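Visitor: Just a sequence and a predicted model for now, questions to come.
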Amino acid sequence: MKIAVIGGAGYIGSHTVRELLDRGHTVKVFDNLSSGLRQNLFAEAEFVEGDILSEKAISDFLNDFSPEGVVHLAAFKAAGESMLLPEKYSVNNITGSLNILNAAVSAGVKYFVFSSSAATYGAPKYMPVDENHPTEPENYYGYTKLSIEGFLGWYSKLKNLRFAALRYFNAAGYDVNGRITGLEKNPANLIPVVMEALTGKRKELLVFGDDYDTHDGTGVRDYIHVNDLARGHAEAFEYLERENKDLIVNLGVSQGTSVLDIIRAAEKASGKKVPYRIVERRPGDPASLVANPNKAFELLGWKAKYSDIDTIIETTWRAYQANL
């Protein structure tokens, strides 16, 4: 299949491109390099630098390539920032996504795989969280993702564009074969911040709260290795082509790991101590958030292979060492 990966120079995008290439697909990447990196591109996948806010640029790209499938990974993703700068997230995430959708329909794209998020659910009312859980986002970032899922539903009905919305939990790790080592710019997620504390790029790690109702008092999250996430994208295309049905599905591992668990695993992998300090809880942070990914197992045949915390931490530490 010919597949266009929008945002294919980014962290998740580059791993997805590699997985699609490994499966024999013809891939072309579109990215504005605002957070993506040239070092994460592959010679086998042609690259076009452009911005999803330019209707002409995205339309020209898709019409020139004429792909059967599109992966959309070009969104801003910092939940906290989205509450301070909703206009930034409206323009990029919503307007940009509509530009991609309109260009995709115009270019005759059949299958659309969208990078959604567990942020669409909001605070968990029960756990593990399955796809029937109410969708009540607690931040504007999550609202933009849920809105785009809504647009996809309408485009499916009106334009016959089949879509898969993949609700990620916490993407982590680096390519298990060491082929991708470009680090995220200005990371906000826990594991990269731990790595920055280990390598001296950051003075210390702030741990937001140690009095939650969890096994060690720190927040618990569901971490999925980025290689497993990339496989989910490839298998979503196979499902869309085989079943000709839309799909909204969680990608997670149904296992929670705490902040202190992550710190201990990082210390084990690096042989160094993580400098950290306990501070007040952040408002809106749930004690625990864990996925129920059974639907992905049943419909896609997808199951995590690399998402044990040791593999996640060891592959991340290896990527950070490669950049020292």
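Guide: Right, received. Where do you want to start?
Visitor: which residues touch the helix or strand bottoming out on mean pLDDT in the chain?
Guide: For the chain, using mean pLDDT, DSSP states H and E, the weakest element among its helices and strands is helix 79-84, scoring a mean of 91. Outside helix 79-84, the residues that touch it by C-beta atoms under 8 Å, 6 or more residues apart in numbering are F76, K88, Y89, A119, N139, Y140, Y141, G142, T144, A188, R282. C-beta: built from backbone N, CA, C; applies to glycine.
Visitor: count of neighbours near Y174?
Guide: A count of nearby residues for Y174, using other C-beta atoms under 10 Å, gives 26.
Visitor: Same check on the one 10 residues further on?
Guide: By the other C-beta under 10 Å criterion, the neighbourhood of E184 contains 15 residues.
Visitor: Name the helix or strand for it, please.
Guide: Using DSSP states H and E, E184 sits within no helix or strand.
Visitor: Ok, T16 next?
Guide: Taking DSSP H and E as the criterion, T16 maps to helix 11-22.
Visitor: Okay, now the sheet partners of the helix or strand that that helix is followed by, with direction.
Guide: Using DSSP H and E, the helix or strand that follows helix 11-22 in sequence is strand 26-31. Partner strands for strand 26-31, per DSSP bridges, with pairing direction: strand 2-6 (parallel), strand 46-49 (parallel).
Visitor: the domain parsing of the chain - what is it?
Guide: According to automatic domain parsing, the chain comprises the domains 2-172+223-251, 190-222+254-322.
Visitor: Need the distance between the two termini of the longest one.
Guide: With C-alpha to C-alpha, to the nearest Å as the measure, the first residue of domain 2-172+223-251 is 24 Å from its last.
Visitor: tell me the contacts of T95?
Guide: T95 touches L53, counting by C-beta under 8 Å, 6+ apart.
Visitor: Helices of the stretch 201-324 of the chain, residue ranges please.
Guide: 226-243, 259-270, 294-300, 309-322 (DSSP state H, counting those that start in this stretch).
Visitor: Cross-reference the contacts of helix 79-84 with the helices and report the matches.
Guide: Those of the contacts of helix 79-84 mapping onto helices are K88, Y89, Y140, Y141, G142, T144, per DSSP state H.
Visitor: can you put those residues in CSV and add pLDDT and distance to L21?
Guide: Listed next are these as CSV, based on pLDDT from 0 to 100; distance: C-beta to C-beta, whole Å:
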residue, pLDDT, distance to L21
K88, 98, 32
Y89, 97, 31
Y140, 95, 34
Y141, 95, 29
G142, 96, 31
T144, 98, 29
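Visitor: For those residues, which single residue is the most surrounded?
Guide: Counting neighbours by other C-beta under 10 Å, T144 comes out on top of those with 26 neighbours.
Visitor: That concludes my questions; thank you for your assistance.
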